[in-house]
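Colleague: Need coordinates for the following:
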Amino acid sequence: MSPRKNRRAMTGRPPDGGGSWAQETEEGPDGEWIVRSIAGAGFTKAYRCPGCDQEIAPGVGHIVAWRAGEGGDDRRHWHRPCWQARTRRTPRVQRSRNAPRY
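Modeller: Numbers count the residues shown, from 1 in each chain. Model (predicted):
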């Protein structure tokens, strides 16, 4: 039988016992944001990233962000690279299949 590993106490853990997170405020050209870095462990729900429109699989670390002053009702879950590239990307325009391409 192997010896028990010492477990480090996690700081910044949410009160409900979910995965760990660290929250900060970020100022960018698109305004002020509350940004929470989420460790994927303990999360079982899949989310859709608004940056790339791909799924964030359960258990994958990611970013949760919302505009400062809005109370977090409009939170969005982002892949970390998508969040960092949000100001360099243009919004995706959905076109119909036969729409002209310019």
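Colleague: Output whatever helix or strand Arg36 lives in as CSV, nothing but the C-alphas.
Modeller: Assessed by DSSP states H and E, Arg36 sits inside strand 31-38. Taking C-alpha atoms only, strand 31-38 is exported to CSV below (Å, rounded to 0.1, in the frame of the first residue of the first chain):
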residue,chain,number,x,y,z
GLY,A,31,-14.6,48.0,-21.6
GLU,A,32,-14.1,46.8,-18.1
TRP,A,33,-14.7,43.1,-17.4
ILE,A,34,-14.8,40.8,-14.4
VAL,A,35,-12.8,37.7,-15.3
ARG,A,36,-12.8,34.5,-13.5
SER,A,37,-10.3,31.7,-14.3
ILE,A,38,-11.9,28.3,-13.9
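Colleague: got the buried residues for that strand?
Modeller: 33-38 (16 or more other Cβ atoms under 10 Å). Just so you know, the C-beta spots here come from the backbone N, C-alpha and C atoms, and that holds for glycine as well.
Colleague: by contact count, what packs against it?
Modeller: Under the contact definition 3 or more Cβ pairs under 8 Å, 6 or more residues apart in numbering; DSSP states H and E, strand 31-38 sits against strand 21-28, strand 62-67.
Colleague: At which residues are the strands of the protein located?
Modeller: Ranges of strands in the chain, per DSSP state E, are 21-28, 31-38, 47-48, 55-56, 62-67, 76-78.
Colleague: could the ones you listed be laid out in JSON lines, adding distance to Arg89 and mean pLDDT?
Modeller: Putting the strands of the chain into JSON lines (distance: least, Cβ to Cβ, whole Å; pLDDT from 0 to 100) gives the following:
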{"stretch": "strand 21-28", "distance to Arg89": "13", "mean pLDDT": "83"}
{"stretch": "strand 31-38", "distance to Arg89": "16", "mean pLDDT": "92"}
{"stretch": "strand 47-48", "distance to Arg89": "16", "mean pLDDT": "94"}
{"stretch": "strand 55-56", "distance to Arg89": "17", "mean pLDDT": "94"}
{"stretch": "strand 62-67", "distance to Arg89": "15", "mean pLDDT": "93"}
{"stretch": "strand 76-78", "distance to Arg89": "12", "mean pLDDT": "94"}
